[in-house]
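Engineer: The sequence isn't on hand, but the structure is:
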């Protein structure tokens, strides 16, 4: 068992977002890795404005393929 009081490892919000998108690609097949990022806007509804801003902060363009998002290994802010 991991003691979170002594090991406060918290996933970056983008890690959680990346997992949700991965699930959309792998399980529901709602989108394909080659689809542009803007396609997931319809699936995130009201939350999309926040996620779009986050993606742009990491230099993503809405025309970039979803596979670029899924290929990120670590999310670190400068």
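Structural biologist: Okay, I see it. Bear in mind that the values here come from a model prediction, so they are computed numbers and not experimental data.
Engineer: Closest to the geometric centre of the chain, which residue is that? Let me know.
Structural biologist: Nearest to the mean C-alpha position of the chain, by Cα atoms, centre = their mean, lies residue 18 at 2.9 Å.
Engineer: need the contact list for it.
Structural biologist: Neighbouring residues of residue 18 by Cβ atoms under 8 Å, 6 or more residues apart in numbering: 69, 70, 72, 75. Quick note: C-beta positions are derived from backbone N, CA and C, even for glycine.
Engineer: pretty sure the first one is in contact with residue 60, am I right?
Structural biologist: This points to residue 69. Yes. Between residue 69 and residue 60 there is a contact at 6.7 Å, judged by Cβ atoms under 8 Å.
Engineer: shared neighbours, these two?
Structural biologist: residue 37.
Engineer: what distance separates the helix or strand in which the residue nearest to the centre of the chain is found from the centre of its chain?
Structural biologist: Assigned by DSSP states H and E, residue 18 belongs to helix 13-23. Relative to the centre of its chain, helix 13-23 is centred 4 Å away, using Cα atoms, centre = their mean, to the nearest Å.
Engineer: next one: stretch 36-45
Structural biologist: On Cα atoms, centre = their mean, the centre of stretch 36-45 falls 11 Å from the chain's centre.
Engineer: Ok, stretch 24-36 next?
Structural biologist: With Cα atoms, centre = their mean, you get 12 Å for stretch 24-36.
Engineer: Go ahead and name everything in contact with the helix or strand hosting residue 48.
Structural biologist: Using DSSP H and E, residue 48 sits within helix 48-57. The contact list for helix 48-57, computed with Cβ under 8 Å, 6+ apart, reads 13, 14, 17, 37, 40, 41, 44, 62, 69, 77.
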